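Peer 1: fold the stuff below for me.
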Amino acid sequence: MSQDENAPAYWARRGASRLRLRLAAYADAHAGTTRVVLCDISQGGAKIFTHAALPPGRDVLLRWGPHEAFGTVIWEREGLRGIQFDEPLPPSLLRSTRDMQDAAGLSRTAVAEWVAETGWDFGKALN
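Peer 2: Model (predicted):
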C-alpha cells in the first residue's frame with residue numbers, strides 16, 4: 001500500500017505535480033518552532049515529517065532555505081503531515097527549491113543525524 005492511499009480525498013485530488021525532496025526545514029506554529037523534513041512540495045502544498053504535535057487544522061509557517069509559505073495542516077499519519085498552502089507557490093520558488101535539493105539535499109545519514117535526538121522513526125521521511 002502506498003503512503004498516499006490513506007491520505008484524505010484532497011491529496012488524491014491534487015492536480016499539481018510534486019517535487020520529491022529531502023530538505024531540512026522548520027514549521028512555526030502557535031506552540032513554537034520545530035524541525036521538520038520537507039519530503040515533497042507542489043504549488044498547493046507540502047508533505048513534511050516531524051515528531052511535533054501538529055494536528056490537522058493547525059496553521060503553520062513552513063520555512064526552508066530562504067523560502068516560506070503559510071498553510072494549514074490537513075492530515076497526519078505516522079509522523080507525516082500534509083500542509084495545504086494558503087496561496088499557490090510561484091513556479092520560480094519551486095525551481096529554486098529544486099536547485100536547493102540538488103545542491104544541499106540531505107542524505108539518509110544527514111536526516112538520521114538531524115532528527116536523532118527524537119528517537120523517532122525518521123525512515124518514513126525518506127520514502
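
Peer 1: looking at this protein, which helix or strand is least sure?
Peer 2: Lowest by mean pLDDT, DSSP states H and E among the helices and strands of the chain is helix 9-13, with a mean of 46.

Peer 1: now the helices: where do they sit in this protein?
Peer 2: 9-13, 91-104, 108-115 (DSSP state H).

Peer 1: confidence-wise, which of those helices is weakest overall?
Peer 2: Note on the helices of the chain: helix 9-13 shows the lowest mean pLDDT, a mean of 46.

Peer 1: please, where are all the strands along the protein?
Peer 2: With DSSP state E as the criterion, the chain has strands at 19-29, 32-41, 45-49, 59-64, 67-77, 80-85.

Peer 1: can I get these in JSON lines with mean pLDDT and mean neighbour count?
Peer 2: (C-beta placed from N, C-alpha, C; glycine too.) Supplementary listing: the strands of the chain in JSON lines, determined by pLDDT from 0 to 100; neighbours: other Cβ atoms under 10 Å:
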{"stretch": "strand 19-29", "mean pLDDT": "90", "mean neighbour count": "18"}
{"stretch": "strand 32-41", "mean pLDDT": "92", "mean neighbour count": "21"}
{"stretch": "strand 45-49", "mean pLDDT": "96", "mean neighbour count": "26"}
{"stretch": "strand 59-64", "mean pLDDT": "96", "mean neighbour count": "19"}
{"stretch": "strand 67-77", "mean pLDDT": "96", "mean neighbour count": "17"}
{"stretch": "strand 80-85", "mean pLDDT": "96", "mean neighbour count": "21"}
